[in-house]
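>>> with the input below, show me the fold.
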Amino acid sequence: MTTLALIDAGGANIGSVRYALGRLGVEAQLTTDAQVIRGAQRVILPGVGAAAQVMARLRELDLIDTLHSLEAPLLGVCVGMQVLFEHSEEDDTPCLGLLAGRVGKLPVADGIRVPHMGWNTLTPTRAASLTAGIGAQDQAYFVHSYAAPVGEDCLSTTTHGQAFAAVVQRGRVAGAQFHPERSAATGARLLHNFIEYGLA
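Residues are numbered from 1 along each chain as shown. You can find the predicted model right below:
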């Protein structure tokens, strides 16, 4: 059985993430222990709230170096994905720098509300094991005000006012801007792929 560490970086969605993983037959270990995280076969960094809060929590737990030296596949979710990048415009926050780029605020325009909240369609940009079985008309559930730009690490995009990265991956590091635990079959497929295939 695949061992999975779920980093307790704060946020109200951790219980629902564990429940979603449990439905896939995986008992995730909720932890802040660097040794447990380094020993896991898969690691998920969830996040709800603000980038600065998540980064402060990771520094408080002395996990920054652990995440930089991690050899196992790492999946960031929502704000957990945003802090994988170099910087977030939210509170001018320096982030982990595991992925290149800067996270910016979604634009407000006529008919476009921020935060972006609800279901939206994913558009694949390149094939990868993480997004296998997730098609061009599949939808996922989003709740966010900031997003990463579309770049070369992008596997899927979504448009809300402008196109932004919905799923990203570079090497052992990946992220989903949407909430897999709230995204029905699409979210279950993403989590299944991460558990089953890692980030091959």
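>>> look up phi and psi at residue 196.
phi -70, psi -40 (degrees, to the nearest 10).
>>> could we number from 358 for the rest of this?
Right, with 358 as the first residue, what we last looked at is residue 553.
>>> wait, what's in contact with it?
Residue 553 makes contact with residue 359 under the criterion CB atoms under 8 Å, 6 or more residues apart in numbering. No exception for glycine: its C-beta is placed from N, CA and C like everyone else's.
>>> buried residues of stretch 429-449, list them for me.
Buried residues in stretch 429-449, counting neighbours by 16 or more other CB atoms under 10 Å, are found at 429-442, 444-445, 447.
>>> so which of those residues are in helices?
436, 437, 438, 439 (DSSP state H).
>>> okay, these in TSV with pLDDT next?
Below are those laid out as TSV (pLDDT from 0 to 100):
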residue	pLDDT
436	95
437	95
438	97
439	97
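>>> spatially central residue for the chain, please.
residue 434 (2.3 Å; CA atoms, centre = their mean).
>>> give me the nearest residue to that residue, chain neighbours excluded.
Nearest residue to residue 434, sequence neighbours excluded (CB to CB, 6 or more residues apart in numbering): residue 403, at 4.6 Å.
>>> what sits against residue 498?
By CB under 8 Å, 6+ apart, the contact list for residue 498 reads 475, 476, 535, 536, 539, 540, 541, 544.
>>> so it sits in a strand?
Yes. Under DSSP: H, G, I helix; E, B strand; the rest coil, residue 498 sits within a strand.
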